[in-house]
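Undergrad: Predicted structure and sequence below. I'll ask about it afterward.
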Amino acid sequence: MAEAQRSPSSRRNTQRGQQPPLEPAGAKHHRDLADEIIRSYTGELPSGVYEARTRFYRRASHEVLGSDGYALLSRYFARYVLPQALLSGEVTKLQCAVLSNIVGRAERGVAHAIQREIADEIGSSRSSVSPALKHLAARNYIRPVGRGMWQLNPLIAYKGNGDEQQAFLQELRALALENGFPDIVGPDTARSADKEPTAC
């Protein structure tokens, strides 16, 4: 009768008391549980573990990720430089399409693309892509660094973390290029190129 009068919680405590007591965490108990958890899923419980519950969460991809990941686009470039270049005629629709393609391709500041590939993806001819690339390079949006290789100005867009972007910027600035890449970009590049050098 006394057993029947026991509360459910006290019965649970009795059941728990039959198991070896758990030891407090401490330096001597530190271990990498990854391998043990993996073994537990194959039906082999690690010693001293009576029950392991793991909950996995899958965070939905951000809407702008796409299959190729995402790149951060400069707000200043999107708000001021590109709109002014388009409205003033400094950049045509075709040139903007080529630049957009390069932005989408660039990994850590470098895009690998031959002219035919760009032309096929934007629906244009290879012969029209070549002068568009030269025009964009003259305005420091991109910089040719080899056959089918273009450096995208990291002040326009960058795919990679901020430390990588800063390191890339330092490398470029250390080159001290005459055209001011990467810091002078867009229509300002053309204007600075037109200026006559002043006499000392």
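TA: That came in fine, so what should we check first?

Undergrad: So the nearest residue to residue 114 once chain neighbours are set aside versus residue 92, what's the distance?
TA: Closest residue to residue 114 apart from its sequence neighbours, by C-beta to C-beta, 6 or more residues apart in numbering: residue 148 at 4.2 Å. Using the backbone N, CA and C atoms, a C-beta is placed for each residue, glycine as well. Taking C-beta to C-beta, to the nearest Å as the measure, residue 148 falls 22 Å from residue 92.

Undergrad: before we move on, what about residue 127?
TA: Residue 127 is 15 Å from residue 92, by C-beta to C-beta.

Undergrad: Then residue 159?
TA: 25 Å.

Undergrad: Next: residue 184.
TA: When residue 184 is compared with residue 92 (using C-beta to C-beta), they lie 21 Å apart.

Undergrad: Other residues contacting whichever strand or helix holds residue 166?
TA: Following DSSP states H and E, one finds residue 166 within helix 162-174. Outside helix 162-174, the residues within contact range by C-beta atoms under 8 Å, 6 or more residues apart in numbering are 108, 109, 151, 154, 155, 158, 160, 181, 182, 183.

Undergrad: Narrow those to just the buried residues.
TA: 109, 151, 154, 155, 158, 160, 181, 182 (16 or more other C-beta atoms under 10 Å).

Undergrad: I appreciate the help and will end here.
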